[in-house]
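Asks: Sequence and predicted model, in that order:
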Amino acid sequence: SSFLAAPSRALFAAALNHRDVDSSTAITGSQWDALDFGHIEKELAAKLTDDDISALLTHIDAVNNIKKLRLTNCINITGVGLKPLRGSIMIQQIDLS
């Protein structure tokens, strides 16, 4: 059990990784088959960029894990940040609403 929703844990771990801090324990035990940004504050989701999404997807090895991705309220995403999903045979659904 965690105090943070999965997207928040992933963002936190990616931020730590960006600062060269060992972030493996920040996401240990997490199941990354679904990532729903509707579970974070709307204001935070609205500030996320393609670079943020790309770093997060890379950090959690999304190409081999994510089945469902919901980018709810991620209004600054153009699609470039989804490159880490290229070639995925796992992804089943991407919701851009």
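Replies: Thanks, I have the structure now.
Asks: for A34, what are its contacts?
Replies: 6, 66-70 (C-beta atoms under 8 Å, 6 or more residues apart in numbering). Every C-beta, even on glycine, is put in place using the N, C-alpha and C of the backbone.
Asks: One more pass at 10 Å, please.
Replies: 6-7, 65-70, 92-93 (C-beta atoms under 10 Å, 6 or more residues apart in numbering).
Asks: do E43 as well
Replies: E43 sits in contact with N73, where contact means C-beta under 10 Å, 6+ apart.
Asks: go on, N64?
Replies: 32, 87-90.
Asks: got a pLDDT number for the closest residue to G79 other than its chain neighbours?
Replies: Nearest residue to G79 in three dimensions, chain neighbours excluded: D50, at 7.4 Å (C-beta to C-beta, 6 or more residues apart in numbering). pLDDT for D50: 93.
Asks: One more: S23?
Replies: 42.
Asks: The one 3 residues further on too?
Replies: In this prediction, A26 carries a pLDDT score of 41.
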